[in-house]
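Enquirer: Generate a structure from the sequence data that follows.
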Amino acid sequence: MKTTALEPPMIVPPAAWLAARRELLREEKELTRQRDRLAARRRALPWTKVEKHYTFESPRGRVSLADLFDGRSQLVVYHFMFGPGWEEGCKSCSYVSDHFAAAVVHLRAKDASFAAVSHAPLAELTPFHQRMGWGFPRVSSHGSDFNFDYRVSFTPAEMAEGRVNYNYRLREFPCEEAPGLSVFARGADGAVYHTHSTYGRGLDALIGPDTVLDLVPKGRNEDPDAPMNWVRYHDRYDHPANVVATR
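Expert: Numbering: from 1, shown residues only. Presented below is the predicted three-dimensional model:
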């Protein structure tokens, strides 16, 4: 991989650097407090009861949304872009998904289950999932309304209209599948409730490397009009990563 030397924005003595760093720290602390306030408001959102009986194809057969909780009271669903007939899943969703296998064991320790849900049939998902070496739960919503109801799959009619309902507004969208994350909870009454969904840039917090890249001089170094164009499947970089699956 070709590397180039970096030109610093400014060279200063250590005391001047420390003063600038302390000023930035003040703003970082305010952002942290604001993020904590938003997280509290997110947790305080009202719930809505899931009235439909959704079922999914899984490696162990047909399962319900309630089954995905696996005995826990909270469920995180990542809406992975993989449409029927696709040969591979979305590169950007794959970039995000590389982090899930290691996270699942920690989520379970905090009473939260996890599953990635895609629109393609399970038989089409499985070879790609195995190629990527992922060990997190993955199911197919093919044949159900789940993806459409949670606004991550769009019908041909919607695409023909030129605008779809994504991220809580009507907008142009280039694909019939979209990424997202939804959270569900089991109520004391045993019912399943939808508590939160996030889409688009709301998924940024899931991407560990971006957090690290924000700390380095080049930053994310992305094309602002196509910020994820640089991403490859982890086995398609010049030096593919060795991904250890957690099973």
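
Enquirer: partners of the helix or strand hosting residue 195 in the sheet?
Expert: Using DSSP states H and E, residue 195 sits in strand 192-199. Neighbouring strands of strand 192-199 in its sheet, by DSSP bridges, are strand 48-49 (antiparallel), strand 180-186 (antiparallel).

Enquirer: CSV for those, including mean pLDDT, distance to residue 7 and mean neighbour count?
Expert: C-beta coordinates here come from the backbone N, C-alpha and C atoms, glycine included. Converted to CSV, the strands paired with strand 192-199 look like this (pLDDT from 0 to 100; distance: least, Cβ to Cβ, whole Å; neighbours: other Cβ atoms under 10 Å):
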stretch, mean pLDDT, distance to residue 7, mean neighbour count
strand 48-49, 98, 52, 10
strand 180-186, 98, 38, 20
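
Enquirer: Quick one, which of these gets closest to residue 39.
Expert: Proximity of these to residue 39 was assessed by Cβ to Cβ; the nearest stretch is strand 180-186, lying at 12.4 Å.

Enquirer: tell me which residues of stretch 86-96 are tucked away?
Expert: Neighbour counts over stretch 86-96 (16 or more other Cβ atoms under 10 Å) mark 86, 89-96 as buried.

Enquirer: hmm, back to that, which stretch among the strands paired with strand 192-199 comes nearest residue 17?
Expert: Residue 17 lies closest, by Cβ to Cβ, to one member of the strands paired with strand 192-199: strand 180-186, at 38.3 Å.

Enquirer: who touches that closest one?
Expert: With contacts defined as Cβ atoms under 8 Å, 6 or more residues apart in numbering, strand 180-186 is touched by 47, 50, 65-66, 69, 72-79, 150-152, 192-199, 202-203, 206.

Enquirer: what residue ranges in the protein score low on pLDDT?
Expert: The model of the chain has pLDDT under 70 over residues 1-3, 239-247.

Enquirer: In it, mark out all the strands, start to finish.
Expert: Ranges of strands within the chain are 48-49, 55-58, 61-64, 74-79, 112-118, 138-140, 164-166, 169-171, 180-186, 192-199, based on DSSP state E.

Enquirer: Now go through the buried residues of stretch 86-96 and say which are in helices.
Expert: 91-96 (DSSP state H).

Enquirer: what's the span of stretch 129-148 from first residue to last?
Expert: Terminal residues of stretch 129-148 are spaced 22 Å apart (Cα to Cα, to the nearest Å).

Enquirer: which of the residues in it are buried?
Expert: Using 16+ other Cβ under 10 Å as the test for burial, stretch 129-148 gives 129, 132-142, 144, 146-147.

Enquirer: out of the residues you listed, which one sits closest to residue 159?
Expert: Residue 159 lies nearest to residue 147 out of the buried residues of stretch 129-148, by Cβ to Cβ, at 13.9 Å.

Enquirer: OK, contacts around the nearest residue to that closest one once chain neighbours are set aside?
Expert: The shortest distance from residue 147 to any non-neighbouring residue, by Cβ to Cβ, 6 or more residues apart in numbering, is to residue 153 (3.5 Å). Counting by Cβ under 8 Å, 6+ apart, residue 153 touches 83, 119, 147, 176-178.

Enquirer: What residues are bridge-paired with residue 153?
Expert: Taking DSSP bridges, one obtains residue 177 as the residues bridged to residue 153.

Enquirer: Residue 164 now?
Expert: Beta-bridge partners recorded for residue 164 (DSSP bridges): residue 171.
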